Structures are given as C-alpha cells and as structure tokens.
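1. No sequence on hand, only this structure:
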C-alpha cells in the first residue's frame, strides 16, 4: 500500500519519477485508491469542457481474458518493431532487464487490473484533436497513481487488439478507444526518468532555431 510519504509527493516529484511500471506484486488495488486516480482523471481539461470521456475498469475474468489476447497481439507487433526477444536468464544488461519486464507484463496481462480510456467520436474533429480532450485525463490518472505509490503502464493493447476489447467491454461504435493503462502495486521501485534535455527538443520562434541554453 502507499506510504504517507508517497501520498504527499509534490507534483514535480510525481512527474519526474512516474516511470512506466511493468512488474507488479499481485496485491489487489483497493477501490478507494483506484477511485482517487479516476477522480483525478475527471479533473483534466477537455475541449469546451464537454468531458466526452468514459473510463472502464477492466477486472472480471471474462474481460481480462480478452485483454490477455489483445496483449498477445500487441506483443507480436512490437517484438519485430523493437527487435525484442526473450532474454536469456543470465543476461543482466539494461536492455535485457527492460525486455524481461515487458515480457512479464504481457505474459501476466490476464491477471492484472487495467483501465480503458475512451472518448466520443465527433465528425467535426480529427482523432488527433479528439485525443487532446482525453489524454490529459490519462496523464492525470498516471500522476495520481504515482502519488499514491501505485505503478502504472500505458499500453498499446487497446489499439492492436481493439476489436477484442471493444466487443468484450461493449464499447459503442461512436466511441474511440483512446488508451489503456495497467495499474497495480509495483514489484520494484519508482525512480528518476531518463529523458532528452529541454534544449534538444525545443526551438525558439523557428523550427530550425535551436534553444541552445536557458535564458532569463
């Protein structure tokens, strides 16, 4: 369960340590903790404040079976994409540890609680624009999970296995499956993120004008 220290994380610490967690200890996420994550999701901004989202907690055996099949499809796609193979037991390299955690997540997909993020599909906007009204909610969910000591990992399962999850959950045709997050109590630790520095991903005024240093 979350410690009192973790529950009092500043937003800055939560953002800088919210790693994707792919290994879980099997302890059930209690409803109160999960509700706080979902409540945080509802605080996110959305276009016109329409709040055109719907969150579905996936934890029945029947729905988890569909999630497991979707995870297997996703794994078959990402293995060649990321040149992934199951590492040998004696390989302790960083890549091997990362791949081992990814395989464990997919192998245990049917055992884990997860949340499906959906948004209503409007003809007046592109899917990318519609995503801008649901992905802030997903990010709020991730930060609330981190603040309470939970581990969470966004997945591609609802994309590559969309038909399976859509049918199992009963998502209407006029709703988009925008995202999917596995959540649970971590087996391991959160830690500082490794990201490219601001200067490498930011320009000033023009696409080709690099921000070479911070200015006051």
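-> Thanks, I have it. No experiment lies behind these values; they were computed from the predicted model shown.

2. where does residue 6 land on pLDDT?
-> At residue 6, the model reports a pLDDT of 48.

3. now residue 188
-> Looking at residue 188, its pLDDT is 85.

4. same deal with residue 185?
-> For residue 185, pLDDT reads 98.

5. Contact partners for it?
-> When the contact criterion is CB atoms under 8 Å, 6 or more residues apart in numbering, the partners of residue 185 are 1, 24, 25, 27, 29, 149, 150, 151. The C-beta positions use only the backbone N, C-alpha and C, and glycine is treated the same way.

6. Residue 146 versus that one, what's the distance?
-> Applying CB to CB, to the nearest Å, the value for residue 185 to residue 146 is 12 Å.

7. and residue 159, that one's in a helix?
-> Yes - with DSSP: H, G, I helix; E, B strand; the rest coil as the criterion, residue 159 is located in a helix.

8. Show me what the mean pLDDT comes to for stretch 169-176.
-> According to the model, stretch 169-176 has a mean pLDDT of 98.

9. Show me what counts as buried in that stretch.
-> Buried positions in stretch 169-176, judged by neighbour count with 16 or more other CB atoms under 10 Å: 169, 171, 175, 176.

10. How is the last one assigned, secondary-structure-wise?
-> Pointing back at residue 176 there. Reducing the assignment at residue 176 to three states with three-state DSSP gives strand.

11. next one: the second one
-> Taking three-state DSSP as the rule, one finds residue 171 in the coil state.

12. Let's see the pLDDT reported for the closest residue to it other than its chain neighbours.
-> Counting by CB to CB, 6 or more residues apart in numbering, residue 118 is the residue found nearest to residue 171 once chain neighbours are left out, at 6.0 Å. At residue 118 the predicted local confidence, pLDDT, stands at 98.

13. Kindly confirm my reading that residue 118 is in a strand.
-> Yes - going by three-state DSSP, the assignment for residue 118 places it inside a strand.
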